[in-house]
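> Give me the fold of what follows.
(one chain, ligands or ions: 2)
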Amino acid sequence: MPEKILEVKHVNAYYREGKTRRQILDDVSFTLYEGEIVGLVGESGSGKSTLCKCVLGLLKDYEGEVVHYTKRPQMVFQDPFSALNPRKTIGWILEEPLRVKGGSSRQERRKKAEEMLQRVHLPEDFYGRYPRELSGGQRQRVSIALALITGTKFILADEPLSALDVTVQAQIIALLKELQEKEKICYLFVSHDLDVVSMLCGRVLFLQDGKVCSLDEA
Ligand code: ADP
Ligand code: MG
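Residues are numbered from 1 along each chain as shown. Ligands and ions are numbered 1, 2, ... in the order given. Okay, the predicted model is just below:
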């Protein structure tokens, strides 16, 4: 049996709008296993991002259970530009989680950051570059490296390819698959694009009005 990464059990989630409490998620349950890519698909407003917030612990008003069996997931966002501090170099950005964690020397952090660039197939000299000097696809590779440098095996990606053109999307899909196969990285992959999901995901979770309507093989 593959190792469990995440269990979401009977989650009802709510937002407060003035005096009313509006239910967004309705009895959502699923399990994620090591090394798998699960798609989360649904129309705009169906609750995909809300479910991500519950999984990340950013939304407190919910009933049910969210159980993490490993390190917390790291986010990869749709817009890789806003996720990267424009005033810092790629090296500085990648090293930030290590500085925050503490216990590593400057040289160790640099070595790790350069290794991460390799893992996402960027040249080592990107270490000294700024986000604006990178293309959208390259910035998304940095975002993936930034997630992985924490040592997590679980990436939560909310529409990570939506801002990229089709050729670049295919390259990032190949990278995500490679990381899944080589390193057993697991993804919850949010998308409104069924083509992308069918290329990448083993299973798909369809959300409609906050309910999971089916869990299919892609
Ligand atoms: P999706 O990511 O699938 O497009 P969301 O989870 O962002 O959907 O939104 C689900 C519903 O919750 C929508 O009706 C949206 O308007 C509402 N919503 C999202 N964020 C908030 C918020 N911070 N406060 C109140 N309502 C929200
Ligand atoms: Mg969303």
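> I'd like the C-alpha coordinates of stretch 112-120 written as PDB, please.
Taking C-alpha atoms only, stretch 112-120 is exported to PDB below (Å, rounded to 0.1, in the frame of the first residue of the first chain):
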ATOM      1  CA  LYS A 112      21.300  23.500  -2.000                       C
ATOM      2  CA  ALA A 113      19.900  26.400  -4.100                       C
ATOM      3  CA  GLU A 114      22.200  25.400  -7.000                       C
ATOM      4  CA  GLU A 115      21.100  21.800  -6.600                       C
ATOM      5  CA  MET A 116      17.500  22.900  -6.700                       C
ATOM      6  CA  LEU A 117      18.100  24.800 -10.000                       C
ATOM      7  CA  GLN A 118      19.500  21.600 -11.400                       C
ATOM      8  CA  ARG A 119      16.500  19.600 -10.300                       C
ATOM      9  CA  VAL A 120      14.200  21.900 -12.200                       C
END
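> Of all residues in the chain, which one is closest to ligand 2?
In the chain, no residue comes nearer to ligand 2 than residue 49, which is 3.3 Å away by CB to the ion. For glycine as for every other residue, the C-beta is placed from the backbone atoms N, C-alpha and C.
> The particular helix or strand that has that residue in it: which residues count as buried?
Residue 49 is part of helix 48-56 when elements are defined by DSSP states H and E. Within helix 48-56, the residues that count as buried by 16 or more other CB atoms under 10 Å are 48, 49, 50, 51, 52, 53, 54, 55.
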